[in-house]
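A.B. asks: Just to be clear, the model below is a prediction. Sequence and coordinates:
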Amino acid sequence: MPVTRSTLALPPGERADYWHELVSGTFIPLDVRLHEPVPSAGTITSRRLGPLQISEVEAGPQTVDRSTRRIAQGGEEYLTVTLQQRGSARLTQEGRQAVAGPGTFTCSDAGRPYRREQPDAFRFTAFRVPKAALGLPDADLRTATGTLFDGACGTSALVAAFLGRLAEQAAGFEPDTAHRLALTTSDLLAVLFRERGGRLDPQAPEHAHGMLTRVQEYVLLHLGDPALGPERIAAAHHMSVRYLHKLFRTGGTTVGRWILRERLERCRRELARPARAVPTVAAVAQRWGFVSPSHFSRAFRAAYGMTPREWQAAARLRPAVTPGPADRASR
């Protein structure tokens, strides 16, 4: 059940102290300074999703500080991801500044000092995540904090869209579903932070396996399109081309090689059909996305040790298709 607390019913002169208690009690120990002579009403609505806490905050101009004194009071085990929805914010941490506006988000590490300045009336959704759930080394967390994530493109757009929908529907999930979605949130953030650090750890396939599987399913559905390429695949999954290449490198290949292998395998199977149903080599090549017959023949010979026509003729002479040495070596 969501819990909503507000200063709306309080006289303006009593709002500052209660708001300070409300903010620190909801998130982590913080210092709060309001910038209006007569404080506007502030409202926080929070709900739990497994180990994840989701809070929608709406209030007037203010600054919050996480000092070493406040860190000593607890809460250092959390990371907060803040989706800005109205107004602007300046987050300062690790010697960096990130200015967030609607549609962008930032991350702050409660284990280190930071400041978040909200110069105008604002609304944001904050996700408090246990750092241990991310499974990341400290260096990756440091790379992500105090930087801006754009919710309109790349992997950060995928994460922002997921978090936004999650916040909208969080109250309706059963406990087991809520726990699984919280784990998915941690995995997505871990992938995003590794990308921000310029490295997707090949030793941590659990973070990328799900995304790679979804991408490969998309590719298989569109193998017959000769225009299929990294740019189109990345755009369809709201990720950068750079990150797409990293995903395939974790599997020991490249985007282009994987597409070529899958296209050739389907051509090989189709050319080995019984004689009555055998299509022409050119028709098979075109059906699976090859624009140039000569390129198809060269690629086929390199993969299977014979031309498409030789393979087709050999297939007619045997009752069942048995891969040759070159075919087995390509697997």
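C.D. replies: That came through, no problem.
A.B. asks: Please export the C-alpha coordinates of stretch 78-98 as PDB.
C.D. replies: C-alpha atoms of stretch 78-98 as PDB (Å, rounded to 0.1, in the frame of the first residue of the first chain):
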ATOM      1  CA  TYR A  78      21.700   2.800  -0.700                       C
ATOM      2  CA  LEU A  79      21.900   4.300  -4.200                       C
ATOM      3  CA  THR A  80      19.100   6.600  -5.300                       C
ATOM      4  CA  VAL A  81      18.100   7.000  -8.900                       C
ATOM      5  CA  THR A  82      16.000  10.100  -9.500                       C
ATOM      6  CA  LEU A  83      13.800  10.600 -12.500                       C
ATOM      7  CA  GLN A  84      13.100  14.300 -12.900                       C
ATOM      8  CA  GLN A  85       9.600  15.100 -14.100                       C
ATOM      9  CA  ARG A  86       9.100  18.800 -13.500                       C
ATOM     10  CA  GLY A  87      11.600  21.600 -12.600                       C
ATOM     11  CA  SER A  88      15.400  21.300 -12.700                       C
ATOM     12  CA  ALA A  89      18.000  19.900 -10.300                       C
ATOM     13  CA  ARG A  90      21.700  20.200  -9.900                       C
ATOM     14  CA  LEU A  91      23.400  17.100  -8.400                       C
ATOM     15  CA  THR A  92      27.000  17.500  -7.200                       C
ATOM     16  CA  GLN A  93      29.000  14.400  -6.200                       C
ATOM     17  CA  GLU A  94      32.400  13.000  -6.800                       C
ATOM     18  CA  GLY A  95      33.600  16.400  -8.000                       C
ATOM     19  CA  ARG A  96      31.100  16.300 -10.900                       C
ATOM     20  CA  GLN A  97      27.800  18.200 -11.500                       C
ATOM     21  CA  ALA A  98      24.800  17.000 -13.400                       C
END
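A.B. asks: Buried ones in it, by neighbour count?
C.D. replies: Judged by neighbour count (16 or more other C-beta atoms under 10 Å), stretch 78-98 contains these buried residues: 78-85, 87, 89, 91-94, 98. Yep, even glycine has a C-beta here, placed from its N, CA and C like the rest.
A.B. asks: separation between Gly75 and Ala161?
C.D. replies: Counting by C-beta to C-beta, to the nearest Å, the gap from Gly75 to Ala161 is 28 Å.
A.B. asks: Same drill for those two, tell me which one is more crowded.
C.D. replies: Legend: neighbour count by other C-beta atoms under 10 Å for Gly75 and Ala161, higher for Gly75 (17 against 12).
A.B. asks: ok, for that one, nearest residue in space, not its chain neighbours?
C.D. replies: Ile28 (3.0 Å; C-beta to C-beta, 6 or more residues apart in numbering).
A.B. asks: Regarding the chain, what is its longest helix?
C.D. replies: When the chain is parsed with DSSP state H, its longest helix is helix 175-196.
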